[in-house]
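>>> Sequence first, then the predicted structure:
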Amino acid sequence: MSQSRLRRAVVALTALPLLALGAGQAVAAPAPVPAAPASASPVATIEDEAARTLAASLADPALRERLRSATAAAPAGAELAPLAAGLPGAAARTLASTTARADRGVAAAKGLGADLGPLLRVQLADPSMRAALDAGAAPLVATAGTDDHARTVRAYDTAGRAHTLDAAALPTRPVYLVDIDTAKALTAGIDLLQRELTARGVGSAAQTAAAQTAAAQSSAARAAAGWWGTKITSVRVNDDEEPWFKGAAEMFSLVSGFGQDGKVRVDSVAMPYLQYDGTTYYPNQILVNWSNYKYNLADVVLMEDDGDTNYLALAQAVAAVLLTIADQGAYIPLVNAVLAALPTSWWTDDPDYVESWYTLARTSTGQLNGARGNGWMTVEPYWVSQL
């Protein structure tokens, strides 16, 4: 890939013995293996089953051609669910039922509703593989996975045999990747996250009527004309090398501070444009609405949904910790409290925490470096006028 996705914590993995295949491609001898390691996340296990089923279905020429055409028309990823629609045969039926079950399973694992619709998609691992695929080369099917530091990638052929690919070298054989439509999941997840935070007393609608009235009275002049916000003019995360099997991530921020009622408040802000490291983005996005906050300081935690984020668990964990913090008449940093609330699993293999910024003020201007040293953003005060 010409660009790489965010890489966070380093986890050492034991490399598997590799054998040469074809033009120097490192692949282990094919052999039946379990669908996924016992330690794999629920989402990874579901994706692995979908990948094996899709690979087996490609023995059907009609399905194979439909997939080739679908991924050519949608290089960023074609929905997996429609591929078997209207096609006869056992392979199409098996693929359809497995995909439907997998979509429901992914939604449940991420804490999202079962009515969200298709979440799994498939794409060619690299555009350079298109020529070989069009020439009739037999493809493998793998998953994009969530471990940024994996040394190997498991792929399947049409006979159901597993192949272990070198994560550091682009395969010479075409490979389809099964992954999650994280943009769709992020939209639903942010909505769920804000609803759950609000229901637990730390969201955007959590103020009591009395507090809302007092806030309105204390800022009546400003509210009549508009409100001050902090606008992100540019943002960038640090550059790392990225293996061929990874795709774009989806970012969101948790902005925390004390609301007008003196209670901790968290606002979730979707940042779907922030997908690759080593790239500077210019979103001109409002990050903070200062009329919602009691003090002139707030904190920001940048998170990533790389496929296995459970938004319901995140909301429950963050709310449980933040509700124990009381207003002491002055700004209190909340980044550490938010990070302490993250499930333990997010700190192993592939944590979803990316970066954090302390003491963002309404008057903050210019470049602000993150506390982890993993990124920066430039901001400026922005007056939002009333229409």
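Happy to help now that I have it. No experiment lies behind these values; they were computed from the predicted model shown.

>>> isn't there a helix covering F245?
No. F245 is assigned coil when assessed by DSSP: H, G, I helix; E, B strand; the rest coil, not a helix.

>>> now the helices for the chain?
42-57, 61-73, 90-109, 130-134, 182-199, 209-218, 220-225, 311-322, 335-341 (DSSP state H).

>>> Make CSV from those helices and add mean neighbour count, distance to L302 and mean pLDDT to it.
Where C-beta positions appear, they are placed from N, C-alpha and C, glycine not excepted. Converted to CSV, those look like this (neighbours: other Cβ atoms under 10 Å; distance: least, Cβ to Cβ, whole Å; pLDDT from 0 to 100):
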stretch, mean neighbour count, distance to L302, mean pLDDT
helix 42-57, 24, 21, 90
helix 61-73, 16, 31, 91
helix 90-109, 19, 23, 90
helix 130-134, 14, 34, 91
helix 182-199, 20, 13, 80
helix 209-218, 12, 28, 44
helix 220-225, 10, 29, 56
helix 311-322, 20, 14, 72
helix 335-341, 17, 11, 67
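
>>> could I get the ones you listed as a markdown table with distance to R372?
Below are those laid out as a markdown table (distance: least, Cβ to Cβ, whole Å):
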| stretch | distance to R372 |
| --- | --- |
| helix 42-57 | 25 |
| helix 61-73 | 36 |
| helix 90-109 | 27 |
| helix 130-134 | 38 |
| helix 182-199 | 21 |
| helix 209-218 | 33 |
| helix 220-225 | 34 |
| helix 311-322 | 19 |
| helix 335-341 | 10 |
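
>>> And Q194, how far from L368?
Per Cβ to Cβ, to the nearest Å, Q194 is found 24 Å from L368.

>>> Could you do G111 as well?
Taking Cβ to Cβ, one finds G111 at 31 Å from L368.

>>> and if you look at A50?
Taking Cβ to Cβ, one finds A50 at 41 Å from L368.

>>> Next: D103.
In terms of Cβ to Cβ, D103 sits 39 Å off from L368.

>>> cool, A114 as well?
40 Å.

>>> Ok, P82 next?
44 Å.

>>> Which one's more surrounded, those two?
L368 (20 against 13; other Cβ atoms under 10 Å).

>>> which regions of the protein sit below the pLDDT cut-off?
By pLDDT under 70, the low-scoring segments of the chain are 1-40, 145-149, 202-224, 239-244, 246-249, 306-310, 321-324, 326-333, 335-336, 339-351.

>>> what residue lies at the spatial centre of it?
With distances taken as Cα atoms, centre = their mean, the residue of the chain nearest its centroid is D305 (1.9 Å).

>>> Surely it touches I190?
No. Look at D305 against I190 with Cβ atoms under 8 Å: they stay out of range, at 9.2 Å.

>>> hey, what's in contact with both of these two?
Taking Cβ atoms under 8 Å, 6 or more residues apart in numbering as the contact rule, D305 and I190 both touch F252.

>>> so what's L67 closest to, chain neighbours aside?
Excluding its sequence neighbours, the residue lying closest to L67 (Cβ to Cβ, 6 or more residues apart in numbering) is L83, at 5.9 Å.

>>> residues contacting that neighbour?
So L83 contacts L54, L63, R66, L67, A70, L95, T99, V122 (Cβ under 8 Å, 6+ apart).

>>> Is the third one in contact with L87, as I believe?
Spelled out, that is R66. Yes. R66 is within contact range of L87, at 7.3 Å (criterion: Cβ under 8 Å).

>>> about what we covered before: and N374, which of the helices of the chain is closest to it?
Of all the helices of the chain, helix 335-341 sits nearest to N374, with 13.5 Å by Cβ to Cβ.

>>> What ranges does the stretch 201-350 of the chain have for its strands?
For the stretch 201-350 of the chain, the strands defined by DSSP state E, counting those that start in this stretch cover 226-237, 250-258, 264-271, 285-289, 297-305.

>>> any chance of those in JSON lines, plus distance to A142?
What follows is the strands of the stretch 201-350 of the chain, written out as JSON lines (distance: least, Cβ to Cβ, whole Å):
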{"stretch": "strand 226-237", "distance to A142": "26"}
{"stretch": "strand 250-258", "distance to A142": "20"}
{"stretch": "strand 264-271", "distance to A142": "28"}
{"stretch": "strand 285-289", "distance to A142": "34"}
{"stretch": "strand 297-305", "distance to A142": "20"}
